[in-house]
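> Pasted the sequence and its predicted model underneath.
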Amino acid sequence: MAGRARDGLILAGDIGGTKTRLGIFAPGPKRPSPLTVKTFSSRGADSLEAIVDRFLATSQVRIARACFAVAGPVVKGRAKITNLPWEVGEQKLKRPFRWSQVSIVNDVVAAALALPLLRAGEVKSLNKARARRSHAKVVVAPGTGLGVAFLVCCGDHAIGMPSEAGHADFAPSTPEETALLENLRRDFPHVSIERVLGGPGLVRIYSWLRDSGRSRESAYVARMMGRMDPAEAITLAAIERGNRLSVQAVRIYVSILGSVSGSLALTGLTTGGVYLGGGIPPKILPFLEEGTFLKAFVSKGRFRELLERIPLRVILNDRAPLLGAAAHAMKTTE
């Protein structure tokens, strides 16, 4: 499992239910620099160790320190990967590879740790509010599920704080959203925010609009939903064709995302910024920019003025969790 030695190299991983991305990084003056990054099918392997072994066999380097960002809660250095029968542990990884240091962090925490390292072209601003580097920040990451993590500065150090806010109650803020909640309650005794903003949520909104007679489905979109990922088909139909039902569904989704993001900003008083991560926001960027998101974000009564001063950003770099994991591993060498 070992290759030739090379001082200072770090192994970072971004571990999800569908794919695992691994990278070898060298310390850099401003942020870790990737030397090689490869993506593997998570479902095609029995364990994380098996994937790491394959990766290092082709890289021919020896790693002393590693950090893995995982999709799931981390407790005492151990985690059960969501949607995979894997149990990942720091000690379990350290022994076979003879690493001196192994860290496991939540993947959204890793994305939060990457925020100070992101370059201008790796984020997209949704408003003109000025970023405050030393103020608290939050990452809201809708993808397969909904991840949330906070970044709090303590002197010269930034601390990533995990949460399971995605499993808090979905609180509708409009009559339309209340009707959606009632529809969801038919299938789920507890309707979490993730039920609406996770990947299947957009499809559920679309189906509810269609089945309730609020809008008619086009034959074209129905065919596309049968041929590809339904959420992707809805998004493409909304952005590229302006399909009425798809546009309605995406706007409701964006409005709920804005309202939830505003509530999280107030919860953590994240005056340093709200950052939208995960796989969904970059794909619906035109709708995030049109005003629906911002309107829902600031609609918090007496705290509207405070929210108007909070920077809103979309993370465009899909390797942010990998970068954050590498940065975390690099700090353990100091």
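Everything's here; your move. None of the values given here were measured: they were computed from a predicted structure.
> what ranges do the strands span in the stretch 151-300 of the chain?
157-162, 273-276 (DSSP state E, counting those that start in this stretch).
> The ones you listed into JSON lines, with extra columns for distance to residue 79?
Placement of C-beta: from N, CA and C, glycine included. Output for these, formatted as JSON lines (distance: least, Cβ to Cβ, whole Å):
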{"stretch": "strand 157-162", "distance to residue 79": "11"}
{"stretch": "strand 273-276", "distance to residue 79": "23"}
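> which of those is buried the deepest?
strand 273-276 (a mean of 26; mean count of other Cβ atoms under 10 Å).
> which helices and strands does that strand pack with?
On a contact count with 3 or more Cβ pairs under 8 Å, 6 or more residues apart in numbering; DSSP states H and E, strand 273-276 meets strand 137-142, helix 244-268, strand 312-315.
> Of these, which stretch is the most buried?
strand 137-142 (a mean of 28).
> Provide the strand pairings for that strand, with the direction of each partner.
Here strand 137-142 has these sheet partners by DSSP bridges: strand 146-154 (antiparallel), strand 273-276 (parallel).
> Need these in JSON lines (columns: mean pLDDT).
Converted to JSON lines, the strands paired with strand 137-142 look like this (pLDDT from 0 to 100):
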{"stretch": "strand 146-154", "mean pLDDT": "93"}
{"stretch": "strand 273-276", "mean pLDDT": "98"}
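> where in the chain is pLDDT low?
The chain contains residues with pLDDT under 70 at 1-7, 332-334.
> and it, what are its domains?
Following automatic domain parsing, one finds the domains of the chain at 4-106+320-331, 166-315.
> Output the host helix or strand of residue 50 as CSV, restricted to C-alpha atoms.
Here residue 50, judged by DSSP states H and E, is contained in helix 48-59. The C-alpha coordinates for helix 48-59 follow below in CSV (Å, rounded to 0.1, in the frame of the first residue of the first chain):
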residue,chain,number,x,y,z
LEU,A,48,-13.1,3.2,1.2
GLU,A,49,-9.9,1.4,2.0
ALA,A,50,-10.2,-0.5,-1.3
ILE,A,51,-10.6,2.7,-3.3
VAL,A,52,-7.7,4.4,-1.5
ASP,A,53,-5.5,1.3,-2.2
ARG,A,54,-6.3,1.5,-5.9
PHE,A,55,-5.6,5.2,-6.0
LEU,A,56,-2.3,5.1,-4.3
ALA,A,57,-1.1,2.1,-6.4
THR,A,58,-1.4,4.2,-9.5
SER,A,59,0.0,7.4,-7.9
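> Just checking, which helix or strand succeeds that helix along the chain?
Criterion used, DSSP H and E; the element after helix 48-59 is strand 61-62.
> which is the next helix or strand following that following strand?
Next along from strand 61-62, by DSSP H and E: strand 65-70.
> Please name every helix or strand in contact with the helix or strand following that next one.
Per DSSP H and E, strand 65-70 leads on to strand 74-75 as the next helix or strand towards the C-terminus. With contacts defined as 3+ Cβ pairs under 8 Å, 6+ apart, the packing partners of strand 74-75 are strand 101-106.
> again, only this time at 6 Å
In this structure, strand 74-75 packs against no helix or strand, with contacts taken as 3 or more Cβ pairs under 6 Å, 6 or more residues apart in numbering; DSSP states H and E.
> quick revisit: TSV for the strands paired with strand 137-142, including distance to residue 73?
Formatted as TSV, the strands paired with strand 137-142 follow (distance: least, Cβ to Cβ, whole Å):
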stretch	distance to residue 73
strand 146-154	10
strand 273-276	20
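> which residues does the nearest residue to residue 127 once chain neighbours are set aside contact?
Leaving aside its sequence neighbours, residue 127 sits nearest to residue 312 (Cβ to Cβ, 6 or more residues apart in numbering; 4.9 Å). Contacts of residue 312 were listed using Cβ atoms under 6 Å, 6 or more residues apart in numbering, and they are 126, 127, 274.
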